[in-house]
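Engineer: Requesting a structural model of the entry that follows:
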Amino acid sequence: MSGLKQPSKFSNHCKLPHHFNGLLAFFFLLLGSFACQTPSPFPPSLSLDASPLHRWLKGKHDPSLSVQNIHQLIQALNNIKTREKARKKLVSLGKDSVDALLLCAQDEKQKGVVRETAIYTLAEIGDQKAILPLLEVLKENLNNSLAVFLIQALADLKAHQAIPVLVELLQHKSLRNSAALALGKINDKKIAPIIWPLLPEASPDFQKALITCLGDLKAQESLPMLLKQLYSSDKGVYLATLYALGQIGDGRAVDPIRETLTEDNLEIYVHGILTLGTLKERAALPTLLKALQDNRTNVRSVAIQALGKSGLKEGLKYLFPLVKKQKDALAEEAIDAMGKIVHADSARFLFRVANNHGNSFLRWKAGQSLVSLKEIAIPLLIQKLGKAKARDKAVELLIRMGSSASDNLHKAYKEGLSPRIIVFILGEIKDKRSVPFLLQELKDNLTIDLQLEIIRSLGKIGEAKAIEKLQAWIKNKKEISPLYHTLLLTLLQLKDKQSVDEALDYIEKHQENVPLEFIEILASFHDSRVNQALVNLLIKTKEEPLAKAIAQNINPPLAPHLIDSLASIVEKRKYPIRIYIYGFLARQQNQKAFHELVFIVFENKNTHLRPLAVAELVTLPPEKTLDYLIPLLKDNDHVIQTSVRELLIKVSGGEDYGLEIEEWKKVLEEKK
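Structural biologist: Below you'll find the model as predicted:
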């Protein structure tokens with residue numbers, strides 16, 4: 001949330017210690033007395049308590065709010081219980097809510113907190129048309145707490161039109177700090193010469209704001225003046241100077257920082273170390289390594305972060321030992337730091353950790369850091385595909401690299417390095433740029449396994465450009481061949497409607513040998529011919545997995561005669577196929593099928609069938625099943641307990657009351 005609270009500028013480039021975050025925050029926490037409460041200027045006909053909006057804000061219902069509800073949302077800002085939810089909805093409405101928010105910000109009859117909320121909501125929306133009206137409101141409110149919020153909002157909006165007013169406010173005793181910080185955020189380098197003359201004679205608090213402004217402006221011309229501030233006796237000024245020097249990033253600051261840095265004051269020391277790391281200069285390395293040997297854990301932690309920020313490969317040999325010790329508390333931070341040092345040695349070490357380290361969390365962290373090295377790591381990972389013990393981890397990490405690995409993978413394929421594995425990875429990455437490459441490489445002289453992998457990967461990527469070539473290929477393949485199955489499945493995945501007829505013909509000829517993948521993909525076409533074929537197959541099949549796949553994937557609406565056909569044969573089918581058909585019929589509002597499922601759950605003693613029946617019941621509307629299901633939290637079957645509990649958690653919006661039946665009843669009754 002922009003505007004209400006300004007975090008410490010130092011937090012952009014350091015993590016420790018947390019109390020440093022208060023250095024600048026107070027500039028934006030100057031809350032004065034609120035304006036007295038008076039009636040809203042918005043139309044009284046909009047009764048908030050009786051509206052669908054009110055019910056939505058209470059968590060009951062979302063009526064898909066539109067522009068017509070904006071005034072009601074403004075009213076909701078008056079209530080602390082609904083304020084934040086209403087504010088977020090105003091943000092989601094974007095530019096449509098700007099006029100109403102401006103009216104609210106300008107209205108002196110509104111409560112102060114409501115006007116403040118409107119102001120920083122406008123800043124978050126980011127519409128430039130708010131700048132001039134907010135600037136006028138600022139000019140009219142220079143002597144109350146609203147001014148701080150207005151200044152911050154104008155800064156967030158990068159309001160260059162506000163610069164003249166903000167420059168004038170540098171002379172305003174209570175607003176000059178806020179104005180200086182805002183000028184830095186607006187980031188017009190013409191501001192720097194205006195700041196320089198003010199710095200020598202300013203109070204320490206004002207100096208901190210001016211120095212922070214110069215840092216945000218990143219004007220190297222300010223370096224000589226900033227270096228002088230390193231000799232200030234005021235700790236806040238020194239810390240602000242470190243921040244500014246880190247932002248500017250000029251290596252000439254290294255020696256002055258090293259000269260003035262003291263180990264006695266922990267806060268100054270750790271921020272000095274981080275700033276030296278940010279400057280990325282080898283001259284800073286001795287100071288960073290000395291801090292790495294400090295007996296204070298938080299200093300060593302900051303030194304590790306600084307080595308990472310520095311990007312200096314010379315720091316790697318000091319980080320490696322920290323990770324080799326499995327119980328070292330700083331190992332995680334050392335791994336993070338190595339992910340910022342772009343060097344082959346860093347990538348090689350991180351891969352060894354990701355593949356072999358005894359600590360599973362550190363293995364995961366090393367993988368994360370390796371992914372961040374991308375250009376350095378990708379060639380190494382491709383090389384590892386040829387080594388059995390490293391292959392699985394290399395595949396996993398290359399997939400996590402995403403499309404950034406595609407070009408290197410294409411090149412490696414042409415060089416003959418693990419072609420089938422590379423094709424698999426390209427399919428998992430789903431980079432559409434790989435489609436022309438894969439189509440070009442799909443040739444009859446490849447091994448069957450490689451052809452299959454290319455076809456499957458084209459299906460995973462899901463690019464319609466592949467359809468034409470795959471259609472031509474399938475014409476020359478026999479129905480019994482694996483290539484035919486995979487080609488047909490891939491064409492269906494690519495939503496090729498011409499392939500539906502061929503798939504239906506295949507189902508008719510090979511009823512007991514239909515791949516399960518066909519069922520879900522065919523059902524997604526929402527085609528009445530598909531529904532007819534699937535129902536016919538469900539009526540005839542004796543294969544339990546096939547029956548389950550069909551019953552769970554047929555898409556309504558289904559023609560009444562097809563439902564009647566299933567209802568007429570269900571009693572003749574053996575369990576568990578009968579349960580799957582009952583579940584399907586119950587989802588079509590067949591009451592008899594619903595009661596049959598309930599009967600199986602409560603009266604049937606078969607420990608295999610009862611969980612299957614519960615699994616079907618939990619797919620039905622909760623309002624129909626919860627009264628039957630809640631008592632099953634005390635069932636002896638753990639699978640049944642788990643199924644019911646997962647449904648209850650979902651229905652309750654994530655709340656979990658374990659196996660406490662009465663608690664669940666109470667909560668669900670309240671939600672009704």
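
Engineer: what sits up against the helix or strand Val98 falls within?
Structural biologist: Using DSSP states H and E, Val98 sits within helix 98-106. Applying CB atoms under 8 Å, 6 or more residues apart in numbering, the contact partners of helix 98-106 are 41, 70-71, 73-74, 77, 90, 110, 114-115, 118-119, 121-122, 125, 127, 129-130, 133-134, 136-137. (Each C-beta comes from the backbone N, C-alpha and C, glycine too.)

Engineer: pLDDT score assigned to the residue lying farthest from the centre of the chain?
Structural biologist: The centre of the chain is farthest from one residue, Lys572, which by CA atoms, centre = their mean lies 50.0 Å away. Lys572 carries a pLDDT value of 90.

Engineer: cool, Glu623 as well?
Structural biologist: 86.

Engineer: how far is the helix or strand encompassing it from where the chain is centred?
Structural biologist: In the assignment (DSSP H and E), Glu623 maps to helix 622-629. Mean-position distance between helix 622-629 and its chain equals 34 Å (CA atoms, centre = their mean, to the nearest Å).

Engineer: hang on, isn't Leu223 packed against Pro256?
Structural biologist: No: counting by CB atoms under 8 Å, Leu223 does not reach Pro256; the two are 9.8 Å apart.

Engineer: Ile194 and Leu534, how far apart?
Structural biologist: 75 Å (CB to CB, to the nearest Å).

Engineer: Give me the more crowded residue out of the two.
Structural biologist: Leu534 (25 against 16; other CB atoms under 10 Å).

Engineer: How much space separates Asn445 from Gln451?
Structural biologist: For Asn445, the distance to Gln451 - CB to CB - is 10 Å.

Engineer: So these two - more neighbours on which side?
Structural biologist: Neighbour count, other CB under 10 Å: between Asn445 and Gln451, Gln451 has more, with 22 against 5.

Engineer: so who does the more buried one touch?
Structural biologist: 442, 444, 483.

Engineer: List buried residues within the residues you listed.
Structural biologist: 442, 483 (16 or more other CB atoms under 10 Å).

Engineer: What average pLDDT does stretch 379-392 get?
Structural biologist: Here the average pLDDT along stretch 379-392 is 95.

Engineer: I misspoke; the intended subject was stretch 415-432.
Structural biologist: Per-residue scores along stretch 415-432 average to 96.

Engineer: C-alpha coordinates for it, PDB please?
Structural biologist: Below are the C-alpha coordinates for stretch 415-432, written out as PDB (Å, rounded to 0.1, in the frame of the first residue of the first chain):
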ATOM      1  CA  GLU A 415      24.900 -31.800 -31.700                       C
ATOM      2  CA  GLY A 416      23.400 -35.200 -30.800                       C
ATOM      3  CA  LEU A 417      23.500 -34.700 -27.000                       C
ATOM      4  CA  SER A 418      20.700 -36.700 -25.300                       C
ATOM      5  CA  PRO A 419      18.200 -35.900 -28.000                       C
ATOM      6  CA  ARG A 420      15.200 -37.700 -26.500                       C
ATOM      7  CA  ILE A 421      15.700 -36.100 -23.100                       C
ATOM      8  CA  ILE A 422      16.100 -32.700 -24.700                       C
ATOM      9  CA  VAL A 423      12.900 -33.100 -26.600                       C
ATOM     10  CA  PHE A 424      11.100 -34.100 -23.400                       C
ATOM     11  CA  ILE A 425      12.500 -30.900 -21.600                       C
ATOM     12  CA  LEU A 426      11.300 -28.700 -24.500                       C
ATOM     13  CA  GLY A 427       7.800 -30.200 -24.100                       C
ATOM     14  CA  GLU A 428       7.800 -29.400 -20.400                       C
ATOM     15  CA  ILE A 429       9.100 -25.900 -21.000                       C
ATOM     16  CA  LYS A 430       6.200 -25.200 -23.400                       C
ATOM     17  CA  ASP A 431       8.000 -22.500 -25.400                       C
ATOM     18  CA  LYS A 432       6.100 -22.000 -28.600                       C
END
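
Engineer: Great, nothing more from me.
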